[in-house]
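S.K.: the following block contains a protein sequence and its predicted model.
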Amino acid sequence: MDANLPTPAPSRRSFLRSAVTVASGMSAAVAALSPLKELESSDIPSLDEFLQKHYLELGPGEMQAALERIRNEVKKRWDVDAVVRDVRPKEGVEFVYALNLSRCIGCRRCVHACVAENNQSRSPEIQYIRVLEMPRGTIDIERGNHHYDRPTVPDALHYYMPVQCHQCANPPCTKVCPVEATWTESDGITVIDYDWCIGCRYCEAACPYWARRFNFVEPEIPAEDLNPDMSYLSNRPRAKGVMEKCTFCLHRTREGKMPACLEACPVGARKFGNILDPESEVAKILREKRVFVLKEDVGTLPRFFYYFDERYPRPADEEAAALAGEDGK
Amino acid sequence: MRFLIPATFLALAAVFVLDARRGVALPIPPAAGVSKADLFLGSPRVALTDPPTIQNGSFRQTCSECHALFPSPEVPRDPLLQHTHIALDHGLNDRCYNCHARENRDVLVLHAGETIGFERVPELCAQCHGTVFRDWQDGIHGRTTGSWVTGSASLRRLKCTECHDPHSPAYPRIALLPGPNTLRMGPQESEPHHGVPENPLEKWKAPHGAASGQPSEKH
């Protein structure tokens, strides 16, 4: 094309055409951005939060500032005076959980005690523990049912298998995190820095136990249900768009207490302790009882063990005994 | 032909605006609240003191205060004339004096004839339930609450009779708390239950009022 040719003056028609195209294009762009108008102040991180470092890089002063910020946010949103702490792992402690399948009656008290303790969203519900009702005689979890509803439990023809984070020694979830927002602490608890998580949900996909939960919307917790005893890595309120998971109630257990799910268990099916202490209950269980881990073949090396008692049919099991008779087992 | 470009842009703008206005509606209703009282049952039962006492009108008496006056027959009457509230359902162990000392009701009796206080009830149960007793000693059977630290002052182990009624020891069936109503949980292919699909992603399709959100009515 010859650059010396004069550019033709725009005709009225071509001018109008270009103007209409540009105007409608711009209005489309504005409309596409219009959801931004509905951003709430809570959706935008404060400057302190935005500039905050990774948990493992926070100095003592910076940690205090972060805890203070969380305290203020809780005060502002719920008008609750929370105690927010940073509880570090103890030397010589490695936590292990053991669960007696022969004793669990499937009453779901662990599930709701966990929600009450760990400030999970009530709407939509987020629960770390799933209780599966399983037909007797199989450990095929595909046949498990979350939604059993009965006047009373246990049902004679079923047994119950609670599943939660197994705090693996070889965790797939931490390996896939692109920003290292989740890692395993020295006492075996896999934690998440909720301020560092970008919500990509890779860890949720990687977990073979479906133990991680995502906050699809801003979690809703009534102020009177908020547990004011909080810690940075466990039960402080989470924001929309981050992952969360069971932390063995580290704000309780690192101070010597039992996890909330265990305290709520009415039958003593749940056992928790320090596997490095040979006198601990869990160490004795691993020595004495028949234990197994869920999905051993995937090589995650869980710190959560299932065990069971050797039992003969008891009067309470009459129904089950009748069923076994029918099946000829 | 050229008017298609602005028309496309305008259509896009309309879609964006309408879509943003619609927002994201959660397919499931809020969770049912669970009261603290439902959550923590505490000890299922209160074990007898040592020695056991009974409230008789305004008097609190030990067992022996009555039993010294009215000695028990060699073989208890069937049905009992006293203690009629006791429903004995302990398998083959259906004789009072297997556990209670005939001469002194304030103590229990072991098979060898030695009497022990109610405080030492696990030794009595251990005579028949050896494997469970062994597990209980190791903390494998029974409830341990308060602390996981071996030897901690706040650690509390429950004794046999703090969970089991010795006269009817099978652990009672209890009510269960509401099931999950979380966003993704549920059998994805299951049949609808009372007209409400089990799959939470389908629950919102249920007729209004049916999806109450709670696995409510017990049946």
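M.R.: Nice, thanks for sending it over.
S.K.: who touches A:Ser231 in this structure?
M.R.: Applying C-beta atoms under 8 Å, 6 or more residues apart in numbering or on different chains, we find A:Ser231 in contact with A:Val84, A:Arg85, A:Asp86, A:Val87, A:Leu250, A:His251. Using the backbone N, CA and C atoms, a C-beta is placed for each residue, glycine as well.
S.K.: once you drop chain neighbours, what's closest to the last one?
M.R.: To tie it back to what came earlier, the one meant is A:His251. Spatial nearest neighbour of A:His251, chain neighbours left out: A:Ser231 (3.6 Å); criterion: C-beta to C-beta, 6 or more residues apart in numbering or on different chains.
S.K.: how much space between the one you found and B:Leu81?
M.R.: Noted for A:Ser231: a distance of 60 Å to B:Leu81, by C-beta to C-beta, to the nearest Å.
S.K.: ok, A:Leu286 next?
M.R.: For A:Leu286 relative to B:Leu81 (C-beta to C-beta), the value is 51 Å.
S.K.: settle it for me: which of these two has more neighbours?
M.R.: A:Leu286 (15 against 8; other C-beta atoms under 10 Å in any protein chain shown).
S.K.: which residue, other than its chain neighbours, is closest to that one?
M.R.: A:Phe305 (6.6 Å).
S.K.: which residues touch that neighbour?
M.R.: A:Phe305 touches A:Val96, A:Tyr97, A:Ala98, A:Leu99, A:Val282, A:Ile285, A:Leu286, A:Val291, A:Phe292, A:Val293, counting by C-beta under 8 Å, 6+ apart.
S.K.: got those as a markdown table, with secondary structure columns?
M.R.: A markdown table is the format used below for the contacts of A:Phe305 (DSSP: H, G, I helix; E, B strand; the rest coil):
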| residue | secondary structure |
| --- | --- |
| A:Val96 | strand |
| A:Tyr97 | strand |
| A:Ala98 | strand |
| A:Leu99 | strand |
| A:Val282 | helix |
| A:Ile285 | helix |
| A:Leu286 | helix |
| A:Val291 | strand |
| A:Phe292 | strand |
| A:Val293 | coil |
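S.K.: in CSV: those, plus pLDDT.
M.R.: Below are these laid out as CSV (pLDDT from 0 to 100):
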residue, pLDDT
A:Val96, 97
A:Tyr97, 97
A:Ala98, 97
A:Leu99, 96
A:Val282, 96
A:Ile285, 96
A:Leu286, 96
A:Val291, 95
A:Phe292, 95
A:Val293, 96
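S.K.: ok, the residue nearest to A:Ala264 when sequence neighbours are not counted - contacts?
M.R.: Nearest residue to A:Ala264, sequence neighbours excluded (C-beta to C-beta, 6+ apart): A:Ala113, at 3.4 Å. Listed by C-beta under 8 Å, 6+ apart, the contact partners of A:Ala113 are A:Ala260, A:Cys261, A:Glu263, A:Ala264, B:Leu39, B:Phe40.
S.K.: may I ask which two of those residues are separated the most?
M.R.: Comparing all pairs in the contacts of A:Ala113 by C-beta to C-beta, the longest separation belongs to A:Cys261 and B:Phe40, at 11.5 Å.
S.K.: looking at those two, which is more packed in?
M.R.: In terms of neighbours (other C-beta under 10 Å), A:Cys261 is the more surrounded of A:Cys261 and B:Phe40; the figures are 26 against 15.
S.K.: helices or strands next to the helix or strand harbouring that one in the packing?
M.R.: Following DSSP states H and E, one finds A:Cys261 within helix A:260-264. For helix A:260-264, the elements it packs on are helix A:109-118, strand A:270-274, judged by 3 or more C-beta pairs under 8 Å, 6 or more residues apart in numbering or on different chains; DSSP states H and E.
S.K.: quick one: the first one to chain centroid distance?
M.R.: In terms of C-alpha atoms, centre = their mean, to the nearest Å, the gap separating the centre of helix A:109-118 from the centre of its chain is 12 Å.
S.K.: same question for the last one.
M.R.: In this view, strand A:270-274 has its centroid 20 Å away from the chain centroid, taken as C-alpha atoms, centre = their mean.
S.K.: tell me which parts of the stretch 1-150 of chain A are close to chain B?
M.R.: A:17, A:20-21, A:23-25, A:27-28, A:30-32, A:34-35, A:37-38, A:100, A:103, A:105-109, A:111-113, A:115-116, A:122-127, A:130, A:145-150 (C-beta under 8 Å from any C-beta of the partner chain).
S.K.: go again using 6 Å as the cut-off
M.R.: Taking C-beta under 6 Å from any C-beta of the partner chain as the contact definition, the stretch 1-150 of chain A meets chain B at A:20-21, A:24-25, A:27-28, A:31-32, A:34-35, A:107-109, A:112-113, A:122-125, A:127, A:146-147, A:149.
S.K.: just the buried positions in stretch B:111-119, please.
M.R.: Residues of stretch B:111-119 classed as buried: B:Ile116, B:Phe118 (neighbour count, 16 or more other C-beta atoms under 10 Å in any protein chain shown).
S.K.: export only the CA atoms of that stretch, formatted as PDB.
M.R.: Extracted in PDB, the C-alpha atoms of stretch B:111-119 (Å, rounded to 0.1, in the frame of the first residue of the first chain):
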ATOM      1  CA  HIS B 111     -16.400 -65.700  93.100                       C
ATOM      2  CA  ALA B 112     -13.700 -66.700  95.500                       C
ATOM      3  CA  GLY B 113     -15.800 -65.200  98.300                       C
ATOM      4  CA  GLU B 114     -13.700 -62.100  98.900                       C
ATOM      5  CA  THR B 115     -15.900 -59.000  99.400                       C
ATOM      6  CA  ILE B 116     -14.900 -55.700  97.700                       C
ATOM      7  CA  GLY B 117     -16.400 -52.200  97.800                       C
ATOM      8  CA  PHE B 118     -18.400 -50.800  95.000                       C
ATOM      9  CA  GLU B 119     -15.500 -48.600  94.100                       C
END
